[in-house]
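>>> sequence plus the predicted model coming up.
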Amino acid sequence: MKFYTSIRMFTWLGLLLFTQSCATCRYSTKDTAPIPPEIKNFRINYFENKARYVNPQLTPAITEAVKQKIIGQTRLTQTNNDDANYDISGYLSDYSVTTTGISGQTASTNRLNVTFHIIFKDALDNTKNFEADLTSNYDFSALKTLQEAESSLTSEIVKNVTDGIFNKIFSNW
């Protein structure tokens, strides 16, 4: 009886191993465009703030965050030379507040509108050059001043704008 139990156990174990070796799970997305091998470096020009209202912390933080994201997620190296393969510049074009919700006779919700204009130049392939606007909105209570809302929203704005810039340059979507 033990002999048949052992055979049965080895049969199940063999079947299990065979099934697992045949059933592979592959997950792939095609969201990041392959960077051509001849592209070696990039340059980030300081992002300016051309919006009517200036948050002095925002564009320096976005400039640094984009540099760090490209360094951390690609094989490209940063350069400050004029002969960079990828030249990235841009500016904050809109940073404004509108009222989006009214309760009774007073505003209940405000919306911070943020638009960043990106300028991308590929020194090796001019057909890939582009300019684009990336817009995002952030709602906050009308009971808060803009300065109070900025203290809690700035890190989210920096992350969203940085991700938008990175995705616009390095993604197929």
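Yep, it's here. Numbering: from 1, shown residues only.
>>> what sits against residue 71?
77-78 (Cβ atoms under 8 Å, 6 or more residues apart in numbering). Yep, even glycine has a C-beta here, placed from its N, CA and C like the rest.
>>> tell me who's in contact with residue 63.
Counting by Cβ under 8 Å, 6+ apart, residue 63 has contacts 44, 46-47.
>>> tell me which element it is part of?
Element membership of residue 63, judged by DSSP states H and E, is helix 58-73.
>>> from the chain's centre, how far out does the next helix or strand after that helix sit?
If you walk from helix 58-73 toward the C-terminus, the next helix or strand you reach (DSSP H and E) is strand 77-78. Relative to its parent chain, strand 77-78 has a centroid offset of 18 Å by Cα atoms, centre = their mean, to the nearest Å.
>>> what are the contacting residues of strand 77-78?
For strand 77-78, contacts defined as Cβ under 8 Å, 6+ apart pick out 40-44, 67, 70-71.
>>> which of these are buried, as a ChimeraX select command?
A single ChimeraX command is used to select the members of the contacts of strand 77-78 judged buried by 16 or more other Cβ atoms under 10 Å:
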select :41,42,43,44,67,70
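>>> which one among the contacts of strand 77-78 gets closest to residue 164?
residue 70 (13.5 Å; Cβ to Cβ).
>>> pretty sure that closest one is touching residue 76, no?
Yes: Residue 70 lies in contact with residue 76 (Cβ atoms under 8 Å); the separation is 6.0 Å.
>>> got the buried residues for stretch 43-57?
Per 16+ other Cβ under 10 Å, stretch 43-57 contains these buried residues: 43-44, 47, 49, 51, 55.
>>> show me those residues that map onto strands.
Secondary structure from DSSP state E places 43-44, 49 of these in strands.
>>> which residues in the chain form strands?
Ranges of strands in the chain, per DSSP E, are 41-44, 48-49, 77-78, 86-103, 106-122, 130-141.
>>> quick check: neighbours of the third one in the sheet, parallel or antiparallel?
Strands adjacent to strand 77-78 in the sheet, as given by DSSP bridges, are strand 41-44 (parallel).
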